[in-house]
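Trainee: Quick check, what structure comes out for this input:
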Amino acid sequence: MWRPRFLAGLLIVAALFCAAGQVHAQIQAFLLPESNFLRVEGELAIAPTSPRFSLRLFPNAQITALWTEGIADYTVDRGLLGTLVTVRLNDYGSEKMLYLGYEGFVDYGAEDPLILDRDRLWFPEFSIPTAEPELELIVPEGWYRLEVYNPGYPTVVLSRDSEMEWELDLALQPVEPEVEHSPLLPSEPEPELELEPEPLPLPSPSQQEVALTVIPDALYDEVSNLVLRLDTAISQRDEALLRELVGQELQADGLVDYFTAAPQQILPVESQIRTLVVEGAEGYVEATIFSRGQPLYDTEMHWAGDGLGSWVLTEFSMHPHTPSAPQALLDSLRGFADQLQRAVATGSAPHIEELVGITDPQERAAAVKLLMDLNTAEPWEVFVVEPHQFRLLILIRHSPRTHVAVSLRLMPDPTGWRIAALEALPVN
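Mentor: Prediction:
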């Protein structure tokens, strides 16, 4: 499969969430326009007609809560089109309430007015019917809600100017009520109107920042050229070229459709190869995809010769770009996981509580109880998923068929690390 599976930062203690959630059918959105931060949480009615459904959000959205009656599990895949969450159900065919929470940083675009629409993917785009949500928006003082338009997809317009008028039916363009146009005359600009100039195109990234690494060998040059052609095909949305480059199995999985639907705002893309290994008729590539000079995604590709002199992409995975972290930091974070496993193995609540920095007494007690129930008979599998935010993901075998995925956010302490937040979910 070409979509990688992500668990980091996406797991919840479902029982805690259900107990704490308030029962009201609405969605609450909290926005900080100056920092592009968005947090959304609440519930809405869904009508699943099959064992699986999906929803799509902005890139790097972190799922903080996801639960509905009959849920079996869910996976999170990230890519050019954003964050795709796929939910698997044991029970479907009737209307259910979906409890959902997510947060992250969204590219709002212009600072004022601020427009949240489908292009921003600020609200989930579902693959199944859902009820139109009742939106409650919370914004800082000094910002005003101009419009909320729900049919099809909730669109929100905010501004610092409370008197600004907007017409959503005209592609969210400012209304100029004092200017009248006759439908019988050609639509030419009136002399007194000052038209906004066309935005200047963003500069292309410098070749120094996004240059391909080409090794002077025929096969290496062949594979690096394939990556360059793939970048060109994605940037130009060239479906014919993509079908020439992408193998049949990945085409059947929808990878070509995925590439051709890449958001226009990130195009063109260019890849910087970090590692390239050629063994016979197989090429392995690790690269970083850039958009306008900014790193977006880290990718892994497997190219294979078809025996007729051509190469095709046979494996592809991608995840948001993660800057490298100092090895000392990685070792320290993994060392905390070892320390935590030893504390859990003692079965002593006070030993575990020394490593928990959660301030809320109920949440702290629940976290200690959850940790005490973890299996320490087998080694824990530790992943440092976001080193600069001190996040760990630990996979723990709970039974022969079930693992528990524990996501930890740590905070520095004079004596080492302590747990600032904990989320967990069984993984079958």
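Trainee: use CA for all of it now, contacts and neighbours both
Mentor: Noted.
Trainee: Give the bridge partners for residue 41, please.
Mentor: Counting by DSSP bridges, residue 41 is bridged to residue 28, residue 101.
Trainee: Do you know the pLDDT at it?
Mentor: Residue 41 is assigned 89 on the pLDDT scale.
Trainee: So which residues make contact with stretch 90-110?
Mentor: With C-alpha atoms under 8 Å, 6 or more residues apart in numbering as the test, stretch 90-110 has contacts from 33, 35-51, 58-72, 114-116, 120, 122.
Trainee: and if we set it to 7 Å?
Mentor: 36-51, 58, 60-72, 114-116, 120 (C-alpha atoms under 7 Å, 6 or more residues apart in numbering).
Trainee: can you pull the buried residues of that stretch?
Mentor: Across stretch 90-110, burial judged by 16 or more other C-alpha atoms under 10 Å covers 91-92, 96-108.
Trainee: what's the average pLDDT for that stretch?
Mentor: Taken as a whole, stretch 90-110 has a mean pLDDT of 83.
Trainee: so where's the stretch 1-150 of the chain shaky on pLDDT?
Mentor: 1-25, 79-81, 109-111, 149-150 (pLDDT under 70).
Trainee: Quick one: the strands in it, in order.
Mentor: Applying DSSP state E, counting those that start in this stretch to the stretch 1-150 of the chain gives strands spanning 27-32, 37-46, 52-57, 62-67, 71-79, 82-89, 96-105, 114-116, 125-126, 135-138, 144-149.
Trainee: where's residue 342, which helix or strand?
Mentor: helix 327-346 (DSSP states H and E).
Trainee: helix or strand right after that helix?
Mentor: Downstream of helix 327-346 (by DSSP H and E), the next one is helix 349-353.
Trainee: Mind giving me the packing neighbours of that following helix?
Mentor: Applying 3 or more C-alpha pairs under 7 Å, 6 or more residues apart in numbering; DSSP states H and E, we find helix 349-353 packed against helix 327-346, helix 361-372.
Trainee: Which parts of it count as buried, going by neighbours?
Mentor: 351, 352, 353.
Trainee: Just the C-alphas of it, formatted as PDB.
Mentor: The C-alpha trace of helix 349-353 is given here as PDB (Å, rounded to 0.1, in the frame of the first residue of the first chain):
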ATOM      1  CA  ALA A 349       1.600   3.400  41.700                       C
ATOM      2  CA  PRO A 350       3.900   5.900  43.600                       C
ATOM      3  CA  HIS A 351       6.900   5.000  41.300                       C
ATOM      4  CA  ILE A 352       4.700   5.600  38.200                       C
ATOM      5  CA  GLU A 353       3.200   8.800  39.600                       C
END
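Trainee: who touches that helix?
Mentor: Contact partners of helix 349-353, identified using C-alpha under 7 Å, 6+ apart, comprise 343, 344, 368.
Trainee: how far away is the first one from residue 375?
Mentor: This means residue 343. Noted for residue 343: a distance of 12 Å to residue 375, by C-alpha to C-alpha, to the nearest Å.
Trainee: between those two, which one's more packed in?
Mentor: Taking other C-alpha atoms under 10 Å, residue 343 and residue 375 do not tie; residue 343 has more neighbours (21 against 18).
Trainee: so what's the more buried one scoring on pLDDT?
Mentor: 94.
Trainee: Residue 290 too?
Mentor: pLDDT, residue 290: 87.
Trainee: need the contact list for it.
Mentor: Per C-alpha under 7 Å, 6+ apart, neighbours of residue 290: 210, 269, 270, 271, 296.
Trainee: Check the buried residues of stretch 90-110 against residue 260 and report the nearest one.
Mentor: residue 107 (21.1 Å; C-alpha to C-alpha).
Trainee: That closest one and residue 35: what is the separation?
Mentor: Residue 107 sits 10 Å away from residue 35, going by C-alpha to C-alpha.
Trainee: Same check on residue 245?
Mentor: Distance, residue 245 to residue 35, using C-alpha to C-alpha: 39 Å.
Trainee: Who are the packing partners of the helix or strand residue 240 falls within?
Mentor: Using DSSP H and E, residue 240 maps to helix 239-245. Identification of packing neighbours for helix 239-245 by 3+ C-alpha pairs under 7 Å, 6+ apart yields helix 218-236, helix 255-260.
Trainee: Report the residue ranges of every domain in this structure.
Mentor: 14-173, 207-320, 327-427 (automatic domain parsing).
Trainee: how far does the first one sit from the chain's center?
Mentor: Read it as domain 14-173. 13 Å (C-alpha atoms, centre = their mean, to the nearest Å).
Trainee: Same check on the second one?
Mentor: Its chain's C-alpha centre and that of domain 207-320 lie 21 Å apart, by C-alpha atoms, centre = their mean.
Trainee: repeat for stretch 367-380
Mentor: For stretch 367-380, the distance to the chain centre is 29 Å (C-alpha atoms, centre = their mean).
Trainee: one step back: after the helix holding residue 240, heading C-terminal, what element do we hit next?
Mentor: Criterion used, DSSP H and E; the element after helix 239-245 is helix 248-252.
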